[in-house]
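Student: structure, please.
(chains A, B, C, D and E)
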Amino acid sequence: MKENDFLDNTTIISYSGDNYEKTDFSSISEIDFSKNKTNIKWLNTYGIQYEEAFKTIVHQNKLDDFLIKLLSDDEHPNKVILLDNLLFVTIRVLKTESHVLDSEQMIFIVSTDFLWSIQEKKGDYFNWIRERLEGNKGIVRKKSADYLLFLLLESIIDNYQDTYQENAELSADKLNSSHIKPTPEFTSLVEKRKQELFNFKKATLSLRDTIIKLEKVEIKGVESKYFSELKEQTNNLISNIDFELQELESKINLIFSIQGHRLNEVMKTLTILSVVFIPLTFLAGIYGMNFENIPELKFKYGYFILLGIMVLITIISIWYFKRKKWF
Amino acid sequence: MKENDFLDNTTIISYSGDNYEKTDFSSISEIDFSKNKTNIKWLNTYGIQYEEAFKTIVHQNKLDDFLIKLLSDDEHPNKVILLDNLLFVTIRVLKTESHVLDSEQMIFIVSTDFLWSIQEKKGDYFNWIRERLEGNKGIVRKKSADYLLFLLLESIIDNYQDTYQENAELSADKLNSSHIKPTPEFTSLVEKRKQELFNFKKATLSLRDTIIKLEKVEIKGVESKYFSELKEQTNNLISNIDFELQELESKINLIFSIQGHRLNEVMKTLTILSVVFIPLTFLAGIYGMNFENIPELKFKYGYFILLGIMVLITIISIWYFKRKKWF
Amino acid sequence: MKENDFLDNTTIISYSGDNYEKTDFSSISEIDFSKNKTNIKWLNTYGIQYEEAFKTIVHQNKLDDFLIKLLSDDEHPNKVILLDNLLFVTIRVLKTESHVLDSEQMIFIVSTDFLWSIQEKKGDYFNWIRERLEGNKGIVRKKSADYLLFLLLESIIDNYQDTYQENAELSADKLNSSHIKPTPEFTSLVEKRKQELFNFKKATLSLRDTIIKLEKVEIKGVESKYFSELKEQTNNLISNIDFELQELESKINLIFSIQGHRLNEVMKTLTILSVVFIPLTFLAGIYGMNFENIPELKFKYGYFILLGIMVLITIISIWYFKRKKWF
Amino acid sequence: MKENDFLDNTTIISYSGDNYEKTDFSSISEIDFSKNKTNIKWLNTYGIQYEEAFKTIVHQNKLDDFLIKLLSDDEHPNKVILLDNLLFVTIRVLKTESHVLDSEQMIFIVSTDFLWSIQEKKGDYFNWIRERLEGNKGIVRKKSADYLLFLLLESIIDNYQDTYQENAELSADKLNSSHIKPTPEFTSLVEKRKQELFNFKKATLSLRDTIIKLEKVEIKGVESKYFSELKEQTNNLISNIDFELQELESKINLIFSIQGHRLNEVMKTLTILSVVFIPLTFLAGIYGMNFENIPELKFKYGYFILLGIMVLITIISIWYFKRKKWF
Amino acid sequence: MKENDFLDNTTIISYSGDNYEKTDFSSISEIDFSKNKTNIKWLNTYGIQYEEAFKTIVHQNKLDDFLIKLLSDDEHPNKVILLDNLLFVTIRVLKTESHVLDSEQMIFIVSTDFLWSIQEKKGDYFNWIRERLEGNKGIVRKKSADYLLFLLLESIIDNYQDTYQENAELSADKLNSSHIKPTPEFTSLVEKRKQELFNFKKATLSLRDTIIKLEKVEIKGVESKYFSELKEQTNNLISNIDFELQELESKINLIFSIQGHRLNEVMKTLTILSVVFIPLTFLAGIYGMNFENIPELKFKYGYFILLGIMVLITIISIWYFKRKKWF
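Tutor: Next up is the predicted model:
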């Protein structure tokens, strides 16, 4: 039953410059990378759970048996492992649409004349490649399996680039520099975006590592130029992410600067007012006392003289703050 | 006596594709890596204190005598030292369960056809490997000693990954972003977690260094692909740690932002109130003075006029703060 | 029609030590890098949209067909891709005049005896090189195509250097250290300049990467010494940018220090005044109470004794602040 | 005279697996590394000032004459310089006991069969090695001069490790996390320790560089495995230093967080009190005025009504702060 | 005329182990590096503006014609460019005396048997080398041109070391840790020194890059050991600069810590005083009201009871602050 399931989810495309053929299987034993030597074979499986079937394929095609161990691992971070004339590549394809760090597993096993791709979930990621192959568009049918791997990886990178672009625009709307608010809520939004970006950068760096390893691989029939091209694309994406991170850092600095400035403004207002009124209120307090003998109280113009003194004190205070450039 | 002790704590497993044998020893002189050439020998010792026994084994098997010096060191950080066709590997296996930085020493001496593991403490770390060997599960019996080393190291990395996961979840519960408190106690918790992570990262980086050195080792019969696989696993762990560190850094920023914001709020409240009431209180003070000649006091509606002026001052102050966007 | 358009925008310069020739084409089929082997051919196209024409040229000159894929990409970050005895170089030339991050695409395809440059926009960037070629100035006519590439890249770097210089002077005027203002507006200006610089540094780093890759390329007839020279120039530019970034970082530190200092000054003023007057006002309040029995009120010199006590309190407060070095 | 001085401070130890000999000299001309080829010669000099004697030794043993230049330099940072089949190694051995950055100069000149060590000061650093040599302990007598260099360097690293350990414990006592005080004095202590550590790290990094260079040296008879071992030890020390630096950084963060928190607490206390009492005091001021016509003053229960209003205002204020979670 | 000028500023020193000769020229055509093959020739020119003369020398000695391009550049950052069996080295020698970032250009063109040095300004930088050459001191006359380059570069590094030392002492006097003042003026001084150091570090790093490139150069007759020695010296200088930068960073931290502490102290003083006096003043205000019916006012000991209550409130407040550890 599991075998049937596996067979339902597996197809092979076999192509060369002149021909193209897509077949299904009725039995695992039909999967044979060695037949039809001049064609490139692309075996595609949806689902990573068919351990037994994988084992059978590895054995009957006499592939490196370390593959069995590798395919049975529970979790796959991005990996490139060089086996005997085989490349084992796994990539966790990040999906950032939902702001949840969801990802899909993809596994590629590549040799000169075949590529075996295992995708965790069904999807139309690679349909455009199948169309190019069938319609003989571009140069893919003239090239060997490494070019196919290049196209598969390019799909993934393009997808990263698109999701990054979208998210960046969304976030730019929310965090527009022109109305930075020095509230913890705003800070929290900025920090959340920073974490999103760090996560995205982590995934992209890991993908670049994978590509750099592929670029350095020395296997007959694997050309580094394809992976140079991919590396430049990931480099570009990473430097865009770094730039946005830099902008967010600036925003945090600005928030703290605005907070500091506001506090200064508030305190200055309070202080100026206090400095002006505290001595005046004290003076009023003095002449509100009930001592029997306060001579000034009996002066005819005592009240008016005091008001004059108060005006004078106010003027002096204001002049003092002006000199100190407080306002 | 010490020799008997050593013998009690030492077993050898000898295996090849077809056979599996586990033996104890009655004398150190029986430990001979050269016999039964086609089998892989796995010698395991619990306890690192048997210096004399180690010396005897090194001599009678004609291993590099620098091993004697290395085995007699008091402390072993993570090391990979390449001797003549031998690898000397030591790892301090971190135990983070108890939040105390406890660790256990493990030493591996590996050649093409034997592996000598020395564990500081008895434990069931590697029992699953013994079971695989005995039950001939997986591909371990078909492979040479480097694959055994791979499995031993994988156990250690898996253990790191598990303890990290556990601790991360515990800490996430305590430091949940949604209720950050700007208290020194909370800051202290965040900083403590940061130090835990730094320590863990240090251990993992050191382990990765060890694995990278193993990957680069050029000894006949040691295959780099196994260690590539391990390296990818440690890389994954390190990037998870980095991501959590980043989150904690964000929390510290948020704490300071909240502190700044609260101070601003508190000061604004104080200032608004003071600015409104200080002049009013001053005015009340004025007419509380006991001068004999204060004409206003005798106006019939003096009191009500003053109340009106006070209301006016209040309205102006509030309008001023509204314009300045203080509330 | 598109072909005619392409032909209008394309010219070839063919030169050697002794001769120089500039020709236009009437048909794409005339573009043949293989004729006149002893001359260097420089094909220049304005416009990156002539995909079909590019394809034809690649085919009829039997260049690596991966070029077709590369030339059909929508976006080109800086790239160096090594094809069979060919170099594919793309550069996004940053234009910083308008403070908008505008850029122009340039593509160079270089072999020993030809260089094909594709510029997105018409411009007089490279006219001085054409003049040198025509007038046989300098050593350009004696050298092969890699020297031509060197001169083209030098133009770009010189342009970067000039725009950087200009912008740096403009910004220095605005952000002059001697009148740093601790306002969010000033902080915002500093941060904006920092982002400008980061962007510029990003572009320059990417250009340096390109040049470093060119330096390391091992193609017959490409000499690394030219690119060493260019690398030193970009290094110089990067270290100038880093230095300005450092200055801006210092300014941010100074702003926060000034803010903190001002807050301290303001608070000290408020506190000193409050500490002096609050107890005095309290005392005045005490003797303003209307209790029937307050013996002090009846003392003949009660008022004057109280004034004396107030002066004493003031002196003690001031002495206390002096001792605490508050002013 | 200077020569006699030099001879007094110089001894040679000559050893091989079977024999051990320690001799003094009566004349510089007796110092001849070439005699007794099968033995390892260890020449030790206390004092770096004997330039003339050094020159004579270099000449009569036909060593690389660049040694003369090197030995006449005034100051020696850590260096490894590869001469013709000779290694010139200098190390500044840091002494951190006295918290003053004191250091001692050591110079090692190493070839396959001799090692010449020059120590600035007399000391018993290397006595344990002499004892091992004399007593034929360990494997030192079976190894060549590079193993001797390994032991000398190990002494230095062990000493670093010990002094680090001691200082770390001393500082941990003073800066114990559990009673962090947010005073400039405490900050200053933390920063002083940070600088001490940076200095120590600097010295250790420089020592590691030296060892890494020794590891990479390709001289006949110098085995990299010894220096691998030393490198791992310095790596371990550096990662311990980094960890303590990280802890100190956390302390600085905590100090600032505590300061911010305290300020908030202080300001909240002040503000709550002010907000409650300022309006009350204003009301009391109103009814302390001396207008002739204030109707409320004549109400029988005016005073008690006002007290009631004041209680009401207080309750409202407190309710308001409770709702705002100020306490 | 320009040629005469050039000849006036140019001398050649020709030396070998046995002879030494210093000559001037009457015509550029006499400058011929190929004559007298066994001698080392050191051509020295003051002034970088003699483009035409340089061109003639390059041509008549058949040096790499890329030199002409290099010598005609307007600005030279530090460069090492490897030409055919020639080294082209340019260094901007920083002058830090005047705190203005002034620098002098030096160009060295080195082959096995000649060195051509071009200095922008006349100076006595290298006179001590001429004296050593003339007096046959040291080993310079026995060595080839690379040793001469080594001595020239060592002069420059020594000069850097000296100016750094001087500046560091000057700055240490001004910024002495024991009297850090938390004023913007002090911060500004610290930041200015930081920028000075960054600039100096930039120059030293660039010089080290130059030396590292020289160390790696593979030209017949250029020995890497000389440049190893120089590299160690620059490394030492850089690590001293880094240490001072670290100290300055600590000072900035301390300044902010002091500012925060002072603010806390000031606020505590204000708050304690306010908290004590505000309720007392309120009470005095209550009994200063003029209600006709305030029963307490008629109590015989009302005044004294109130005073008692006030003392009680004061004691409670002080006890509260003591418990909260405010003082």
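Student: got a list of what the residue in the stretch 201-327 of chain A positioned nearest to chain B touches?
Tutor: Nearest to chain B in the stretch 201-327 of chain A, going by C-beta to the nearest C-beta, is residue A:284, at a distance of 3.3 Å. (Each C-beta comes from the backbone N, C-alpha and C, glycine too.) Going by C-beta atoms under 8 Å, 6 or more residues apart in numbering or on different chains, residue A:284 touches B:282, B:285-286, B:288-289.
Student: make TSV from those residues and add neighbour count, distance to residue C:127 and pLDDT to it.
Tutor: Listed next are these as TSV, based on neighbours: other C-beta atoms under 10 Å in any protein chain shown; distance: C-beta to C-beta, whole Å; pLDDT from 0 to 100:
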residue	neighbour count	distance to residue C:127	pLDDT
B:282	21	77	92
B:285	28	83	91
B:286	24	83	92
B:288	26	88	91
B:289	24	88	90
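Student: intersect these with the contacts of chain D.
Tutor: Near chain D, taking C-beta under 8 Å from any C-beta of the partner chain as the test, the members of these found are B:285, B:288-289.
Student: can you narrow those to ones near chain E?
Tutor: Counting by C-beta under 8 Å from any C-beta, residue B:288 from the ones next to chain D among the contacts of residue A:284 sit close to chain E.
Student: give me the phi and psi for the residue in the stretch 51-200 of chain A that chain C sits nearest to.
Tutor: Residue nearest to chain C within the stretch 51-200 of chain A (C-beta to the nearest C-beta): residue A:139, separated by 5.2 Å. Main-chain torsions, residue A:139, degrees, to the nearest 10: phi -110, psi 10.
Student: excluding residues flanking it in the chain, which one is nearest it?
Tutor: Ranked by C-beta to C-beta, 6 or more residues apart in numbering or on different chains and with sequence neighbours excluded, the top spatial neighbour of residue A:139 is residue C:65, at 5.2 Å.
Student: surely that neighbour touches residue C:58?
Tutor: Yes: counting by C-beta atoms under 8 Å, residue C:58 is a contact partner of residue C:65 at 6.5 Å.
Student: neighbour count for these two, which is higher?
Tutor: Neighbours were counted for residue C:65 and for residue C:58 using other C-beta atoms under 10 Å in any protein chain shown; residue C:58 has more, 19 against 15.
Student: got a list of what the more buried one touches?
Tutor: Applying C-beta under 8 Å, 6+ apart to residue C:58 gives the contacts C:64-65, C:67-68, C:71.
Student: in helices, which of these appear?
Tutor: Among the contacts of residue C:58, the members found in helices (DSSP state H) are C:67-68, C:71.
Student: OK, contacts around the residue nearest to residue A:139?
Tutor: Listed by C-beta under 8 Å, 6+ apart, the contact partners of residue C:65 are A:139, A:142, C:58-59.
Student: let's have the contacts of residue C:58 in CSV, adding distance to residue C:226 and pLDDT.
Tutor: Listed next are these as CSV, based on distance: C-beta to C-beta, whole Å; pLDDT from 0 to 100:
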residue, distance to residue C:226, pLDDT
C:64, 23, 87
C:65, 29, 84
C:67, 23, 90
C:68, 28, 88
C:71, 25, 89
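Student: closest one of these to chain D?
Tutor: residue C:64 (39.1 Å).
Student: neighbours of that closest one, just the number please.
Tutor: Neighbours of residue C:64 using other C-beta under 10 Å come to 18.
Student: quick check, central residue of chain A?
Tutor: residue A:200 (2.0 Å; C-alpha atoms, centre = their mean).
Student: look at the residue of the stretch 1-150 of chain A found nearest chain B and say how many residues are nearby.
Tutor: Residue nearest to chain B within the stretch 1-150 of chain A: residue A:77 (3.5 Å; C-beta to the nearest C-beta). If you count neighbours by other C-beta under 10 Å, residue A:77 ends up with 19.
Student: not counting residues beside it along the chain, what's closest to it?
Tutor: Nearest non-adjacent residue to residue A:77, counting by C-beta to C-beta, 6+ apart: residue B:236, 3.5 Å away.
Student: let me know the angle separating the helix or strand where the one you found lies from helix C:224-286.
Tutor: Using DSSP states H and E, residue B:236 sits in helix B:224-286. Relative orientation of helix B:224-286 and helix C:224-286, computed by axes from the mean of the first three to the mean of the last three C-alpha atoms, to 10 degrees: 30 degrees.
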